[in-house]
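this is a predicted model, with the sequence first.
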Amino acid sequence: MADRQVARLKAALADREARVQILEARVAALEASTSLRVGRAVTDAARKPGKGVVALPRELYRMWRHRGAPNVITSVDARERPMFSARDEDRLIAGSPAAALGKGLIVAGVLGPAAAGALGEVAHVVPLLPHDAAMVLDASDVDLVIVDAAAGAPGGPWAYLGVPGVPDRERALLGLMEVARGRGRPLVLLGTSPGLAGLGWDATLKDGTSLDEALPGLCGSLGITATS
Amino acid sequence: MTPKGNRVRALVYGDVDLNIIDGSAIWAQAMVQALHEAGVEVTFVLKAPVRTDRLVAPLEKLPGVTVRRLPEDATSSLTVEASAQLLTELDAAEPYDLAVVRGRRLAVRLTATPLAGRLWTYLTDVPQNVAELTGSLRGELAAVAKASRFLLCQTEELRCFLEGVLYKAAGKCVLFPPVVALPAGLEPAGEREPGTPLKLVYTGKFAPRWNTYEMTSLPRRLAAREVDTELHMIGDKIHNDRTDPGFSRRMRVALESTPGLVWHGGHPRAEAMRVTSGCDVGLSWRHSDLDASLELSTKVLEMGALGVPVVLNRTPMHENLLGAGYPLFANSEQEVVDVLAGAADPATYARARSSCLEAARDFTLEAAAGRLKRYLRQAFPPATEGARARTRIVVAGHDLKFFTRLLDHLRSLPGTEVRVDQWPALGKHDPEVSREMAEWADVVVCEWCGPNAVWYSEWLKKNGRPNQRLVVRLHRFELYGAWPGRLDIDAIDQVVCVSPHYADLTRKMTGWPAGKVTVIPNWVDDAQFGRAKLPGAEHHLGVIGMAPWRKRLDLAVDVLERLRRDDPRFTLFVKSKLPWDLPWIWNRSEERASFEALFRRIRRSPLLASGVVFDPAGPDVASWLRRVGFVLSTSDDESFHLAPAEGMASGAVPALLPWEGSDRIYDPRWIHEDPAAMAAAIAATVAEGRWEDEREQARAEVRRSYSLELVCDRWAELLTLSRDGAAGRTPTTCPAPAPSA
């Protein structure tokens, strides 16, 4: 998670630096512009009535002579603009490929096979794996996140989630929970497992709950308005 | 024996009061007794003034054990600061070889004393999960891990947790489970008499999460099932719970007035155990919040040792202790009633009793002494027979990751002195330092046959003494470099390869005399890797290290794909750095293209997308392997490939493709012609129920051939024997062990 934050901060820093460069170029271009230079020449002449007024026509003539020369500094603006630079907020206007599928609700899940099957009937499911959960969640616009205790059963990618003495899975889960909380997305625990109960869930569903039936009520209680 | 050849001296301090006979006091007493049993001279420092010497007196009678009491006029116990100061002073007066300490705060304090490096730390008050591990706690624990020779862990779960969250702890964590000692005169109870009421017993504090109030309803509920029951409850501490203010009153009323319940009040441990031994079934059923605990209840073990089977929650730790088929697991009140009703059946009862008795045998004083002996042998290995009285060894190289444990071993040997000439890079060093080292050494070991070997061979040839020796360890990487060609083989006493195939290849490519090239295989710390598998591991494949491309993760994915066509439970766990973490790989376009294509294949395949998990690289391989049932080696070529050997030591079944020389390191039975054959063999092993059997064979094989102790002994022989003895050694007298020998 820390790596992700560092990456995001680096991206933000790069973006800010690019903007500073652009602004500096614009200031330089403005300073080089004929309008500004004419204005400066006139105000300088006004400040120094004797010598300044004498020099003014010569200065204006020089500007007139170079009026057609290209403004090199202004062109930097276009040249140095980065090809791609995304800020955290840019995701607010980004399209969601999952939304286009027309199932309304988008649910990210750490799911066992049964829960994944049931949920797939009524929602678009974004499956999360231990190595990509936080990253996928960070890049997806989901309505809620469901963690199925049964996903910790052997024979699946989240095997041993919730089992004492398997901290890598717990760390992956905490990472995705942090992203979900940061986005204000509800976290729901389905079923029970020794290591999962006390992690601060927004809602819990009993073991054996049929997700396809329970989802509308769950969304209602969590204030999720997306409809299928 | 210590490196100086003396008896090992240990300082023991538990942050415990031995006047109160509880689990921690018993631990301290048992630790002293077990160290004494293991032949160690012990100084046991007490924390509190002695008011009752029931635990202390037996220790004072042991020869070689000194109990250091507080002054008679002392009125209070030692603070952490005072105890740290006292321990440091005692050590300064007469240095100890090790210091066993219990308690996190004291251990943290001792990290800043000269005892650092000699601590054998028993951590008790540690977080039970990652969420509880704050940054400052992590820092404290990391410091303790760094300063400790061993971290003594009560359970496998705690060991794996520490290794997973503190990489400094990996390799230092060893098991030291609770010690159960029955009070004098108390023996395991006999079989239960049929036709008598079922006597249940609970001993301990009364608290909501210990389900003590719910237990009081058991006589009534079992009566409804026509099971005549008595419930005996021992203890007088009724918890005042902030979240349940009425608990204390409710619990007391239940204790005082429930029909069928006998409240014995508080009793000393021995008396509580005596009452327990007169009962039939112990109760240790707790709230599910406690199922994630990394600690084991000593009371469960004590009841087991008394022959009183226990009702307890089904958790992975308890399943590991008693077996998944133990009949008295219960996770709800209804399940407790059901299993107790079932326990009325004599056969069920006998099975439960036998499982508990059997489990308790691992927690005796003798078992604890046996464990300590192993750790002492590791920390203070005996001298090699025929070794010179004194050997000064220099180990020179830029990357000692394949030599670390050997270095530890050499440093611990009596009569050896070891210095390291750490080269900052393959071809960079301080010639002045190297020259000084070369002058000092009796034996120089060059780890990697690179510029270090060239420099030392040239220097020793010009300036060396006649009795100085140079040993070079050659891996696969250097064989294809220019350095072997620049070596003057006459200046080298022995070139050590890790496999017979590479030894042959070295002789062939260099033309060096056959006798100069010998084989000492890579080592596997079989004791560290030998841990209980997690349930369901037989469907999990493991790959350790996927880059560079010649490791051929794609072939492992082929195997997985075939397996998942028939059984989607098969999952591949890859513990590795990612290729883009290694710039020298990721900057090569052909490597990048291959990996990109593979990852795209995995992402786009419905069969593979959720079947491959990339776990971060780290030193916690032993704990990670608990989840792996088959370790794959699908490389194009390897000199040894440690991963299958580590997998075998962990109790996984190895599965290799036939890279050149693989059959001279691993038994051909583990080598498969192609991914299809490998997949078929894995599927058949699981389907035909042969996995347990095969993994036991694999484990035995690796112990025979590549155990750390065995390989350390070979290195010790090579480096510490006199020149005459060493000169007589040839590949035929120091052969690589045959895999199935």
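Okay, I see it. Residues are numbered from 1 along each chain as shown, chains lettered A, B, ... in the order given.

burial measure for residue B:532, as a count.
Residue neighbour count, defined by other C-beta atoms under 10 Å in any protein chain shown, stands at 15 for residue B:532. From N, CA and C alone the C-beta is placed, and that goes for glycine too.

next: the one 10 residues further on.
Taking other C-beta under 10 Å as the criterion, the count of residues near residue B:542 is 28.

confirm it sits in a strand?
Yes - assessed with DSSP: H, G, I helix; E, B strand; the rest coil, residue B:542 lies in a strand.

what's the burial count for the residue of chain A found nearest chain B?
Nearest to chain B in chain A, going by C-beta to the nearest C-beta, is residue A:154, at a distance of 2.3 Å. Residues within reach of residue A:154, counting by other C-beta under 10 Å, total 18.

for residue B:502, same thing?
24.

do the one 10 residues further on as well
The local packing count at residue B:512 equals 16, with neighbours defined by other C-beta under 10 Å.

please name the residues that touch it.
Applying C-beta atoms under 8 Å, 6 or more residues apart in numbering or on different chains, we find residue B:512 in contact with B:489, B:495, B:506.

for the strand or helix carrying the last one, output the C-alpha coordinates as PDB.
Secondary structure assignment for residue B:506, by DSSP states H and E: helix B:500-510. As requested, C-alpha coordinates have been extracted for helix B:500-510 and formatted as PDB (Å, rounded to 0.1, in the frame of the first residue of the first chain):
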ATOM      1  CA  PRO B 500      28.300 -33.300  -9.700                       C
ATOM      2  CA  HIS B 501      27.100 -32.100 -13.100                       C
ATOM      3  CA  TYR B 502      28.700 -28.700 -12.600                       C
ATOM      4  CA  ALA B 503      31.800 -30.300 -11.100                       C
ATOM      5  CA  ASP B 504      32.200 -32.400 -14.300                       C
ATOM      6  CA  LEU B 505      31.500 -29.300 -16.500                       C
ATOM      7  CA  THR B 506      34.100 -27.300 -14.600                       C
ATOM      8  CA  ARG B 507      36.700 -30.000 -15.100                       C
ATOM      9  CA  LYS B 508      35.800 -30.200 -18.800                       C
ATOM     10  CA  MET B 509      35.700 -26.500 -19.500                       C
ATOM     11  CA  THR B 510      38.800 -25.600 -17.400                       C
END
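
any idea how far stretch B:431-443 is from the chain center?
37 Å (C-alpha atoms, centre = their mean, to the nearest Å).

and if you look at stretch B:79-92?
The answer for stretch B:79-92 is 29 Å, by C-alpha atoms, centre = their mean.

next: stretch B:520-530.
The answer for stretch B:520-530 is 12 Å, by C-alpha atoms, centre = their mean.

and stretch A:39-59, by the same measure?
Relative to the centre of its chain, stretch A:39-59 is centred 53 Å away, using C-alpha atoms, centre = their mean.

just stretch B:266-280 next, same as before
With C-alpha atoms, centre = their mean, you get 34 Å for stretch B:266-280.

how close does residue B:8 get to residue B:58?
Distance of residue B:8 to residue B:58, computed by C-beta to C-beta, to the nearest Å: 22 Å.

okay, these two: which has more neighbours?
In terms of neighbours (other C-beta under 10 Å), residue B:8 is the more surrounded of residue B:8 and residue B:58; the figures are 18 against 14.

so for the residue of chain A closest to chain B, what's the pLDDT?
The per-residue pLDDT reported for residue A:154 equals 97.

how is chain B divided into domains?
B:9-175, B:198-359, B:391-523, B:526-706 (automatic domain parsing).

could you dump those domains to CSV with mean pLDDT?
Shown next, in CSV, are the domains of chain B (pLDDT from 0 to 100):
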stretch, mean pLDDT
domain B:9-175, 91
domain B:198-359, 93
domain B:391-523, 93
domain B:526-706, 96
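
and of those, who's closest to residue A:20?
domain B:526-706 (29.1 Å; C-beta to C-beta).

list, one by one, the residues from chain A near chain B.
Within chain A, the residues that sit near chain B (C-beta under 8 Å from any C-beta of the partner chain) are A:113, A:127, A:129-131, A:153-157, A:159-160, A:162-168, A:170-171, A:174, A:192, A:194-195, A:197-199.

quick one on the thing from earlier: list the buried residues of the helix holding residue B:506.
B:500-507, B:510 (16 or more other C-beta atoms under 10 Å in any protein chain shown).

cool, and stretch B:645-661?
For stretch B:645-661, by 16+ other C-beta under 10 Å, it's B:645-657, B:659, B:661.

can you list which of these are found in helices?
Counted as lying in helices by DSSP state H, out of these, are B:645-649.

once you drop chain neighbours, what's closest to residue B:681?
If the residues on either side of it in the chain are set aside, residue B:681 comes closest to residue B:672, at 5.7 Å by C-beta to C-beta, 6 or more residues apart in numbering or on different chains.

could you list the domains of chain A?
Split by automatic domain parsing, chain A gives A:2-89, A:95-222.

wouldn't residue B:529 be in contact with residue B:625 here?
Yes - assessed by C-beta atoms under 8 Å, residue B:529 is found in contact with residue B:625 at 6.6 Å.

identify the contacts common to the two.
Both residue B:529 and residue B:625 are contacted by B:646, B:650, under the criterion C-beta under 8 Å, 6+ apart.

hey, where'd the helices end up in chain A?
With DSSP H as the criterion, chain A has helices at A:2-32, A:34-47, A:49-65, A:72-79, A:113-122, A:133-139, A:167-182, A:211-222.

which of these has the lowest average pLDDT?
helix A:72-79 (a mean of 46).

residue B:108 - how many residues pack around it?
Neighbourhood size, residue B:108 [other C-beta under 10 Å]: 19.

correct me, but it touches residue B:139?
No - Residue B:108 is beyond contact range of residue B:139, at 9.4 Å (criterion: C-beta under 8 Å).

and chain A, which of the buried residues of helix B:500-510 contact it?
Okay, of those, nothing touches chain A (C-beta under 8 Å from any C-beta).

tell me which of those is nearest to chain A?
Relative to chain A, the closest of these is residue B:502; by C-beta to the nearest C-beta it sits at 33.9 Å.
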